[in-house]
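K.L.:
Predicted coordinates and the sequence they were generated for:
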Amino acid sequence: MKEIDSYPNLAFIFKRRSIRKFQTEPVPPELIEMMLKAAMAAPSAMNNQPWEFVVITEAGILEKIRQTLIFGRHKAPLAIAICGNKFKSKNKLSATEFWIQDCSAAVENLLLAATALGLSGVWLGVHPVKLFSHAIAKVLELPRHIAPLAVVYVGYPAEDKEPHTKYKEKNVHWQRYGQQNKLASDGE
Ligand SMILES: Cc1cc2nc3c(=O)[nH]c(=O)nc-3n(C[C@H](O)[C@H](O)[C@H](O)COP(=O)(O)O)c2cc1C
């Protein structure tokens with residue numbers, strides 16, 4: 001992909017793909033810690049940092065997650081649940097709404113870090129599907145104020161996917177919605 005050659009610093013962003021087949025090799029603890037550090041480098045509203053992470057390597061719990069998330073039946077040596085802590089919220093808005101964006105930023109950082117470290121992962125949506133939220137809360141024994149946003153599976157990849165962007169010019173508007181000609185918008 002052209003962007004990778006021209007902008008090597010961005011390569012790990014384009015290389016990040018949803019990988020659903022993993023080797024059985026465990027993820028070294030120091031890499032788990034680095035991914036968590038990257039996740040917690042994410043921006044958050046009012047710097048609230050409402051995230052909590054449950055790191056799962058036990059086969060029995062991984063199996064229960066697989067049974068719970070019907071779109072997450074892939075086999076990975078590591079799962080990380082990214083959760084929002086409602087008690088960490090500075091006001092009602094961050095308790096009810098912003099935690100989702102804050103934790104989503106953490107999820108993406110985690111996935112990008114995994115890629116940069118030679119690992120791969122896939123984001124499994126939990127919130128706002130109540131069935132999934134309740135089931136994951138039960139499996140992970142989450143207290144009521146801890147809301148699971150997503151589970152990320154991580155491992156060494158057992159499938160190859162090409163780097164990509166989903167760039168579409170039609171999704172970009174210049175100066176105002178519906179104006180898609182950049183040059184025209186510059187007055188040229
Ligand atoms: C909020 C969210 C929920 C997702 N849930 C699932 C899921 O349950 N199972 C799964 O295999 N992939 C899931 N994905 C991954 C998407 O399917 C994937 O990102 C998309 O197909 C684009 O492919 P790419 O990640 O390789 O660019 C989810 C992604 C997001 C952002």
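P.N.:
Nice, thanks for sending it over. Numbering: from 1, shown residues only.
K.L.:
Is the helix of greatest length in the chain in proximity to the ligand?
P.N.:
Assignment by DSSP state H gives helix 99-116 as the longest helix of the chain. No. Judged by C-beta under 6 Å from any ligand atom, helix 99-116 and the ligand are separated, with a smallest distance of 7.5 Å. Quick note: C-beta positions are derived from backbone N, CA and C, even for glycine.
K.L.:
Summarise which helices and strands that helix is packed against.
P.N.:
helix 11-15, helix 29-39, strand 51-56, strand 78-85, strand 120-125, strand 146-155 (3 or more C-beta pairs under 8 Å, 6 or more residues apart in numbering; DSSP states H and E).
K.L.:
a markdown table for those, including mean neighbour count?
P.N.:
Below are the helices and strands packed on helix 99-116 laid out as a markdown table (neighbours: other C-beta atoms under 10 Å):
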| stretch | mean neighbour count |
| --- | --- |
| helix 11-15 | 17 |
| helix 29-39 | 17 |
| strand 51-56 | 19 |
| strand 78-85 | 24 |
| strand 120-125 | 22 |
| strand 146-155 | 24 |
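K.L.:
which stretch among the ones you listed comes nearest the ligand?
P.N.:
Nearest to the ligand, of all these, is strand 120-125, at 3.0 Å by C-beta to the nearest ligand atom.
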